[in-house]
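1. model this:
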Amino acid sequence: GAMAQAQATVDSPTPAQVNGDVHAEQKVAASPKQIAALFATRGMLRGAAFLYMTSVQSVLLSICETPEKMVRLQSTMDTIASANDFLLAPGLRRSLDVLGRKKILLAMPLVASFFRTWLGLRPSLTAYVPGRLLMGLLLPAYISAVEATFGDLFGRGTDRYQWWSSRLEVFNNIIGTCTIYLAGRAKDARTGLVASGIVYGIMALSTQLFVAETLSDKMRSAPKRIWVDPFRAASFFNQSTELRWLAVLAVLERMPLYAGANVNAAFRRKKFGWGVKETSRMMLADQVIGIVQPTITSTLHKKLGLQSAMALAKCTQFCSEANTMLTPVADTMYLNSAAAVLCHGNSALNRLMDRAAEEVGA
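-> Numbering: from 1, shown residues only. Predicted coordinates for the structure are as follows:
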């Protein structure tokens, strides 16, 4: 929860770290081929992830037989994955400055391709559980590797870095929208999982052929100590009263997110008989809203202030959950997607944390 978020801030990879000392930022030539390859592979990740998300619930239900057993399985996996993320992910992110970016960029899609395809061809807990746990570690590391690569190419925090990052997010939203549209026309859930595995495989091949390593040998950290104390983040939040309260807010915010992700899908399936087609429509609506959401979020932050914008988001989320629980009409589920335009995730909370950290010089 909050500690993992602080670890991501404190231990996020920098373009140059040698023996723990940050030196001048490495900057390598950003060739059009490298940029195109990064955009293509990130787009494939978004597409493959949505193919998986629209299909996995149906396959897991066939394995677990009842929605209740499926929710318990997913909740258990989420708990274990969160513990792994807390204990191991910071060290894995730090390894980007030791091993380089490309190894992580390549490892994640290879692992995903194998387990997604296996789960689609032969659904079983043996195929699902190890893949879920490994992806819980590798996916955040992959995102960090992409961010570190962009930092190497454009300089972390520069205007060029922000410009290219925002264009990448728009591109991903477009790819995600197209993928969800196609996923709703998949023959069945197992076909969607196999398709996801194939896309991950193409992603790995494209990474190997077209994505170059951006961390030079002289800029790599000495392989002294990769593991990071998972309780290091506690000292980050303990620097001021405001940071401590923000940590509490971060924990409270994430709790319903973890629970709702699994419960809502199973609840809709049991109450309304939703399958792959209905789930993909819901995700398509969410994705369309996601394209305009950043602009609206920025406006809300400016007009209302961060605290008020965050309060509005939480009130809207409460109404959406109440709608899910109480409505007798399945089509009103799509109102939740429309309401999400006011729910800007944890962006306001992150900005409040950044401000509080700056005040104490963290």
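
2. remind me which residues of the protein are low pLDDT?
-> 1-30, 89, 156-159, 162, 180-187, 219-234, 257-263, 276, 344-346, 362 (pLDDT under 70).

3. repeat that for 50
-> Scanning the chain for pLDDT under 50 picks out the ranges 1-26.

4. can you map out the strands along it?
-> 17-18, 21-22 (DSSP state E).

5. dump the residue contacts of the spatially closest residue to A212 that is not a sequence neighbour.
-> Nearest residue to A212, sequence neighbours excluded (C-beta to C-beta, 6 or more residues apart in numbering): Q34, at 5.8 Å. All C-beta spots, glycine's among them, are computed from the backbone N, C-alpha and C. Applying C-beta atoms under 8 Å, 6 or more residues apart in numbering to Q34 gives the contacts L153, F210, V211, A212, T214.

6. Can you tell me which of these lies closest to M53?
-> Here the nearest of these to M53, counting by C-beta to C-beta, is V211; it sits at 24.6 Å.

7. For that closest one, give its distance to D85.
-> From V211 across to D85, the span is 25 Å (C-beta to C-beta, to the nearest Å).

8. Check Q293 too.
-> 25 Å.

9. Please say which of the two ends up with more neighbours.
-> Legend: neighbour count by other C-beta atoms under 10 Å for Q293 and D85, higher for D85 (22 against 19).

10. Pretty sure that one sits against L137.
-> Yes: in this structure D85 lies within contact range of L137 using C-beta atoms under 8 Å: 7.0 Å.

11. State the number of residues packed around G201.
-> 19.

12. Without its sequence neighbours, what residue ends up closest to it?
-> With C-beta to C-beta, 6+ apart as the criterion, G201 has its nearest non-adjacent residue at 4.1 Å, and that residue is S113.

13. who are the neighbours in contact with that neighbour?
-> G197, I198, Y200, G201, M203, A204.

14. what residues are up against the second one?
-> Contacts for I198 were tallied using C-beta under 8 Å, 6+ apart; they are S113, T117.

15. try S165
-> So S165 contacts E147, F150 (C-beta under 8 Å, 6+ apart).

16. That one and S144, how far apart?
-> Separation of S165 from S144 (C-beta to C-beta) stands at 13 Å.

17. L193 too?
-> Distance of L193 to S144, computed by C-beta to C-beta: 26 Å.

18. which of those two has more neighbours?
-> In terms of neighbours (other C-beta under 10 Å), L193 is the more surrounded of L193 and S144; the figures are 27 against 22.

19. so what's the more buried one closest to, chain neighbours aside?
-> Distances taken as C-beta to C-beta, 6+ apart put G120 closest to L193, at 3.1 Å, once the chain neighbours are dropped.

20. mind listing what the one you found touches?
-> Neighbour list for G120: S55, V59, R190, T191, G192, L193, V194, A195, S196, G197 [criterion: C-beta under 8 Å, 6+ apart].

21. Kindly report the same for R268.
-> Contacts of R268 (C-beta under 8 Å, 6+ apart): W274, E278, T279, T324, A330, M333.

22. now, among those residues, which is nearest to R132?
-> The closest of these to R132 turns out to be T279 (C-beta to C-beta; 18.3 Å).

23. For the closest one, which non-adjacent residue is closest in space?
-> The nearest residue in space to T279 (C-beta to C-beta, 6+ apart) is T54, at 5.2 Å.

24. now that neighbour: how far from L137?
-> Counting by C-beta to C-beta - T54 and L137 are separated by 23 Å.

25. What degree of burial does V341 show, as a neighbour count?
-> V341 has 17 nearby residues by other C-beta under 10 Å.

26. these two touch, right, it and V288?
-> No: here V341 does not reach V288: they are 10.0 Å apart, not a contact under C-beta under 8 Å.

27. Could you tell me which residues touch both of those two?
-> Contacts common to V341 and V288, judged by C-beta under 8 Å, 6+ apart, are absent.

28. What are the contacting residues of stretch 134-142?
-> So stretch 134-142 is contacted by 8, 45, 77, 80-82, 84-85, 88-89, 92-93, 95-96, 104-105, 107-108, 111-112, 115 (C-beta under 8 Å, 6+ apart).

29. How are the helices of the stretch 151-300 of the chain distributed by residue range?
-> 159-183, 189-210, 232-237, 241-272, 276-304 (DSSP state H, counting those that start in this stretch).

30. Just the buried ones among the contacts of stretch 134-142, please.
-> When these are checked for burial by 16 or more other C-beta atoms under 10 Å, the buried set is 8, 45, 77, 81-82, 85, 88-89, 92-93, 95-96, 104-105, 107-108, 111-112, 115.

31. T54 and L137: which is more packed in?
-> T54 (29 against 18).

32. Let me know whether that one touches G192 as I believe.
-> Yes: under the criterion of C-beta under 8 Å, T54 makes contact with G192 at 6.0 Å.

33. can you tell me which residues contact G201?
-> With C-beta under 8 Å, 6+ apart, G201 has these contacts: P109, L110, S113, T117.

34. how close does it sit to V211?
-> Separation of G201 from V211 (C-beta to C-beta): 15 Å.

35. ditto for T299
-> Taken as C-beta to C-beta, the span from T299 to V211 is 36 Å.

36. on that earlier part again, format the contacts of G201 as TSV; extra columns: distance to V71.
-> Below are the contacts of G201 laid out as TSV (distance: C-beta to C-beta, whole Å):
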residue	distance to V71
P109	28
L110	30
S113	27
T117	25
